[in-house]
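Participant: What would the 3D arrangement of this be:
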Amino acid sequence: MDYLNMQTGVRVNLDGLTEPEIRFYQQAVERFLKNINWFTFHAFAFSSRSPLFKKESANKPANQEPLYLALKDMWLQLGVQQGMIRRRSTDEEKATA
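Facilitator: Model (predicted):
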């Protein structure tokens, strides 16, 4: 199973998610599709109840986990859709590199 953002081309492979992580991801997708408030999504996705912060043995930092990458991209996409943030243009990215 992959997460794919058709707007940006971001793709995250989610094959290694546990059952609780899959359920949480599905809840996040439902909220995303309902276009819930950007701040509300952040509170849901990155709160202490998120499975991101409940892993007993982390092989890598939470911010490199596939679930985190998918949730972060959904959160950013909501921010763009709701006018809270904007994507950098290619020219802006080159100027800061």
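Participant: tell me which element the residue nearest the centre of the chain falls in.
Facilitator: Compute the mean C-alpha point of the chain, and by CA atoms, centre = their mean the closest residue is residue 71, 1.6 Å away. Using DSSP states H and E, residue 71 sits in helix 66-81.
Participant: Next: residue 84.
Facilitator: Applying DSSP H and E, one finds residue 84 in no helix or strand.
Participant: Renumber starting at 156 from here on
Facilitator: Understood, numbering begins at 156; the last thing we discussed is residue 239.
Participant: Now for it, how many residues are close by?
Facilitator: Residues near residue 239, counting by other CB atoms under 10 Å, number 12. C-beta coordinates here come from the backbone N, C-alpha and C atoms, glycine included.
Participant: per-residue pLDDT, the nearest residue in space to it that is not next to it in sequence?
Facilitator: Nearest residue to residue 239 in three dimensions, chain neighbours excluded: residue 193, at 4.9 Å (CB to CB, 6 or more residues apart in numbering). Looking at residue 193, its pLDDT stands at 97.
Participant: Check whether residue 193 really touches residue 235, as I assumed.
Facilitator: No: using CB atoms under 8 Å as the test, residue 193 is too far from residue 235 to be in contact (9.3 Å).
Participant: Which one's more surrounded, these two?
Facilitator: Remark: of residue 193 and residue 235, residue 193 carries more neighbours, 19 against 14, as counted by other CB under 10 Å.
Participant: Spit out the contact partners of that one.
Facilitator: For residue 193, the contact set (CB atoms under 8 Å, 6 or more residues apart in numbering) comprises 230, 233-234, 237, 239.
Participant: All the strands of the chain, in order from the start?
Facilitator: 157-159, 166-168 (DSSP state E).
Participant: Could you dump the ones you listed into CSV with mean neighbour count added?
Facilitator: Formatted as CSV, the strands of the chain follow (neighbours: other CB atoms under 10 Å):
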stretch, mean neighbour count
strand 157-159, 14
strand 166-168, 14
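Participant: Just send these back as a markdown table, with mean pLDDT and distance to residue 200 too.
Facilitator: Output for these, formatted as a markdown table (pLDDT from 0 to 100; distance: least, CB to CB, whole Å):
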| stretch | mean pLDDT | distance to residue 200 |
| --- | --- | --- |
| strand 157-159 | 96 | 13 |
| strand 166-168 | 97 | 14 |
